[in-house]
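Chemist: The amino acid sequence is not available; the structure is as follows:
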């Protein structure tokens, strides 16, 4: 299975995945966005009051501090949102083990380069599938793998990770901005001010 195939597979499940992400994260995200807005409003008001009381020399320093604090708050909120979305996406990997999963596993295995693979690590339910592969050596169950396989050769000197986890990790930088933009659009439709991360 190529990365395009995985992205297409994830694309077919995109609405289901996004619904799951939003249902689990929406209340918390809306609450955190509101709290961040309140924190920023409080900061701005504090700085306005200080500006009123400060002399011209102090104003530049206060404005600089205000900008730095705003950037820190925004960066922290963006990092928390990205981490929450990543965990939600990872939690949905088991849903890719649907009725067509045996064919998906075969495609993932076929993508391995030709080599004398000494060990294949797979999800416990995939041990039988892995043992049917031509030239398969030792097959080990690994509960942390949701699908696909991790193959090693040359005494562990060569390793090819073609697991669903690794494929998600490779695609994540493409997926995250689109998910955040959609979340921001949904929040704005609900009347919550939201701005997509700049980074």
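Modeler: Sure thing, it's come through. Everything quoted here is computed from the prediction, not taken from an experiment. Numbers count the residues shown, from 1 in each chain.

Chemist: next one: stretch 75-95 to chain centre, how far?
Modeler: Here stretch 75-95 is found 5 Å from its chain centre; the criterion is C-alpha atoms, centre = their mean, to the nearest Å.

Chemist: Let's test this: mean pLDDT of that stretch, rounded?
Modeler: Mean pLDDT, stretch 75-95: 86.

Chemist: could you say which helix or strand contains the most centrally placed residue in the chain?
Modeler: Among the residues of the chain, the one closest to the centroid is residue 86, at 2.5 Å (C-alpha atoms, centre = their mean). Residue 86 belongs to helix 56-91 when elements are defined using DSSP states H and E.

Chemist: Against which helices or strands is that helix packed?
Modeler: Counting contacts by 3 or more C-beta pairs under 8 Å, 6 or more residues apart in numbering; DSSP states H and E, helix 56-91 packs against helix 14-53, helix 164-189. No exception for glycine: its C-beta is placed from N, CA and C like everyone else's.

Chemist: Next, the angle from that helix to helix 164-189.
Modeler: 130 degrees (axes from the mean of the first three to the mean of the last three C-alpha atoms, to 10 degrees).

Chemist: in helix 56-91, what counts as buried?
Modeler: Of all the residues in helix 56-91, those buried under the rule 16 or more other C-beta atoms under 10 Å are 62, 66, 69, 74, 77-78, 81-82, 84-86, 88-89.

Chemist: still on that earlier bit, can you tell me which of the helices and strands packed on helix 56-91 the model trusts least?
Modeler: helix 14-53 (a mean of 66).

Chemist: so what's residue 66 closest to, chain neighbours aside?
Modeler: Excluding the flanking residues, the one nearest residue 66 by C-beta to C-beta, 6 or more residues apart in numbering is residue 47, at 4.5 Å.

Chemist: what sits against that neighbour?
Modeler: By C-beta atoms under 8 Å, 6 or more residues apart in numbering, residue 47 lies in contact with 62-63, 65-66.

Chemist: What's the separation between it and residue 115?
Modeler: 62 Å (C-beta to C-beta, to the nearest Å).

Chemist: do the same with residue 173
Modeler: Distance from residue 173 to residue 115, by C-beta to C-beta: 28 Å.

Chemist: same thing with residue 129?
Modeler: Relative to residue 115, and taking C-beta to C-beta, residue 129 is found at 19 Å.
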